[in-house]
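J.: Here you go, sequence then predicted model.
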Amino acid sequence: MSLSSADSDQLTLVDGVREALRREMADDDRVLVLGEDVGKNGGVFRATGGLYDEFGSARVIDTPLAESGIVGTSIGMATKGLRPVAEMQFMGFIYPAFDQLVSHAARLRNRSRGRYTCPMVVRAPYGGGIRAPEHHSESMEALFAHQPGLKVVVPSTPSDAYGLLRASIRDPDPVVFLEPKRIYRSSREPVDFDAALPELGEAVVRREGSDVSVFTYGAMVPETLEAAEMAKEDLGISVEVVDLRTLSPLDRETMVDSLKRTGRAVVVHEAPLSGGLGGEVVSALQEEGLYHLEAPIKRVGGYDTPVPLHALEDFYLPAPVRIAEGIRETVEAEA
Amino acid sequence: MSTLQRDPEEQVQVLDENGGVVGEVPDLGDDELVEMYRAMRLARHFDKRAVSLQRQGRMGTYPPLSGQEGAQIGSTMALDDDDWMFPSYREHGGAVVRGVPLTQTLLYWMGHEDGNKMTPDTNVFPVAVPISTQILHATGAAWASKLKGDDEKAFICYFGDGGTSEGDFHEGLNFAGVFDTPNVFFCNNNQWAISVPRERQTASKTIAHKAVAYGFDGVQVDGMDPLAVYKVTRDAVEKAKNPGDRRRPTLIEAVQYRFGAHTTADDPTVYRDDDEVEKWKAKDPIPRLEKFLRETGRLDDESVDAVTQSVEEQVADAIDEAESVPRPEPSEMFESVYAEMPDHLREQMEDFEQLREQVGDEAFLRE
């Protein structure tokens, strides 16, 4: 496969991930990919498909089955001038690597006062909605967003998967790049490979509206857009949808600007509500936008339970009907 | 001498690939030997049907076990009733031997939590999907038994060749060695951790060798020879309870092969050759045991047909039963999180119930 052969017209989100990896590897010899089944198998979601054949086993590395090993050795590689992109097969299996991520990757720059740094990316598919087995549907981004020194990025479109992953690989600090596997293949769009890369830390308005702002990310973006349409059709509510894209650091400016336009806010994520990122978004909005608020901010999230096995998964994940209900409550709330 | 005290490179075998006797046949009655055969046939047939249910959209992702029946059935039959089993996620065949109904296994892979509500008195822990995490639980449970002065129980734990790369494998076996716990660590070395071959997991010559560093016995067995697996496991279980001058734990490496995919979400033709699969299929544990049982007069055409019919019926009944179980009540997801439901969770449940009443269940469903 040559670099020009990719069909830029119609890419899925997972295609965007793969193209980002290919192009970064082609452009920069320091970039390598490692993880479980990323090589010959091309990843369990085929996110690294074709890379093994194109770049060889020294740069697309099947490792032993050990997440702490993958992330810990990536740290060592990053300190020696390589740009490792480590894959965790599912977010539910990232925990053995948690110590390496939070105790070391996140802190190395600070504790060595910049002498050693960790320019690396840890990719992980996250979230529910694909009828996967137990421990395959978690959405635990808040654990990483809570950790100073890590950046946390979540794309929701093929173009963003492509652009944000390339930007993450080029970032001088460790990035946890969470891929919403539920929408890996749910839609296609043309991707401009030559466009300027997006900046990490920038949110984007996906839909403009005037009555309420809904802040969300990842697989909840399409669900929220569907809910926004329902709210418009059923209740005549004009909904603005802001895709946060980077969860740490948050783009407070775009968030507060949107709130100023609408005066009302809802936050949506599929992670459990308590201690989730929604609380951080609400805090930022009230700290910088309280006087623009016309109603309490509503959070719509996964419930404070483990993600149920798939027979009940649809009841756990925020469905458009539940998001629309949150929008209605917020818009109808009166002081 | 015990089968356990040997060079870890030497593989224990009782039946050769053609079912010929090459080792000492373990002390099992005729009925038990036929039951071993039947349990293996049941596991194989269940596996075939389960894969097909998944293909038809009647079940979620499922991890097949074909090829591994000899290791599963041979080892679980070597346990005593009071012993405990800590499975990974592929030991449905062995679980049946412990009394776990097939229906329960089906429910788990059909996405019902009740599939994990283990049947009382089977002494089987719930399935562990995160790799090798169960090893520490098995060590802890065995340690608790020892601390309570009970040396009547052994605790067997299953994991794969890939699982030996995880830190939890090391920590579990290390604790077991240090605290001399009554454990049997049973590694189903099926050669492939999804697409990654055994050689990529460890540079160690065998997995059994690893026991040396933990200070206890490590033994390699032909994992597709159910009689050899039975014998080795039985020796390890007995040693766990009556160690004599040996350490109680044992690491068993059962060398075998997964004939099918890692799970139904996997396509093994991407990473391994048909020739390799065929080579291992020649070691299939089922015809091997069948041949031995026929040649020793314990099975004939008629009894084999009867086994075929009875396993087909048992699996069909289990599928009917599992499919007749209605979708769990959605509010169940809130009920078992804590011993007592905290107020905020109760509020979430009440909000959920209220919305359900308003919009109906269909409004939530995506398919």
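T.: On my side now, so go ahead.

J.: List the buried residues for stretch B:238-250?
T.: B:238-241, B:243, B:246-250 (16 or more other Cβ atoms under 10 Å in any protein chain shown). Backbone N, C-alpha and C define where each C-beta goes, glycine included.

J.: element containing the nearest residue to B:K241 once chain neighbours are set aside, please.
T.: Closest residue to B:K241 in three dimensions, ignoring its sequence neighbours and counting by Cβ to Cβ, 6 or more residues apart in numbering or on different chains: B:D151, at 5.6 Å. Following DSSP states H and E, there is no helix or strand that holds B:D151.

J.: what does the stretch 51-200 of chain B put close to chain A?
T.: Residues of the stretch 51-200 of chain B lying close to chain A by Cβ under 8 Å from any Cβ of the partner chain are B:60-61, B:89, B:108-113, B:115-116, B:127, B:129-131, B:162-163, B:165-168, B:193-196, B:200.

J.: Give me the three-state assignment for whatever residue of the stretch 101-250 of chain A ends up closest to chain B.
T.: Residue nearest to chain B within the stretch 101-250 of chain A: A:H135 (4.5 Å; Cβ to the nearest Cβ). Here A:H135 is recorded as coil under DSSP: H, G, I helix; E, B strand; the rest coil.

J.: Count residues in the vicinity of residue 261, would you?
T.: Since no chain was named, I'll use chain A. 15 (other Cβ atoms under 10 Å in any protein chain shown).

J.: let's do chain B instead
T.: Around B:A261 there are 18 other residues, counting by other Cβ under 10 Å.

J.: Same question for the one 10 residues further on.
T.: Residues lying near B:Y271 (other Cβ under 10 Å) number 19.

J.: same deal with B:E278?
T.: Neighbours of B:E278 under the rule other Cβ under 10 Å: 9.

J.: just the one 5 residues further on next, same as before
T.: Residue crowding around B:K283 was assessed by other Cβ under 10 Å; the count is 20.

J.: Likewise for B:A363?
T.: By other Cβ under 10 Å, 15 other residues sit near B:A363.

J.: cool, and A:E229?
T.: 14.

J.: if I look at the nearest residue to B:L15 once chain neighbours are set aside, how far off is A:S112?
T.: Nearest in space to B:L15, with sequence neighbours left out and distances taken as Cβ to Cβ, 6+ apart, is B:D225 at 4.9 Å. Distance of B:D225 to A:S112, computed by Cβ to Cβ, to the nearest Å: 55 Å.

J.: ok, these two, which is more surrounded?
T.: Taking neighbours as other Cβ under 10 Å, B:D225 and A:S112 compare with B:D225 leading, 32 against 11.

J.: thought that one was touching B:G19?
T.: No - with contacts defined as Cβ atoms under 8 Å, B:D225 does not count as touching B:G19, sitting 9.6 Å away.

J.: Are there residues contacting both of those two? Which ones?
T.: Each of B:R288 lies in contact with both B:D225 and B:G19 under the rule Cβ atoms under 8 Å, 6 or more residues apart in numbering or on different chains.

J.: A:L250 and A:D37: what is the separation?
T.: Distance from A:L250 to A:D37, by Cβ to Cβ: 33 Å.

J.: Tell me which of those two has more neighbours.
T.: Using other Cβ under 10 Å as the criterion, A:L250 and A:D37 rank with A:D37 on top: 24 against 21.

J.: pull the longest strand from chain A.
T.: Determined from DSSP state E, the single longest strand within chain A is strand A:265-272.

J.: residues in contact with it?
T.: Residues outside strand A:265-272 that contact it (Cβ under 8 Å, 6+ apart): A:127-128, A:139-142, A:212-220, A:223-224, A:259, A:276-278, A:281-282, A:285, A:293, A:297-305, A:317-318, A:323, A:326-327, A:330.

J.: Give me the subset of the residues you listed that also touch chain B.
T.: Among these, the ones lying near chain B by Cβ under 8 Å from any Cβ are A:303-305.
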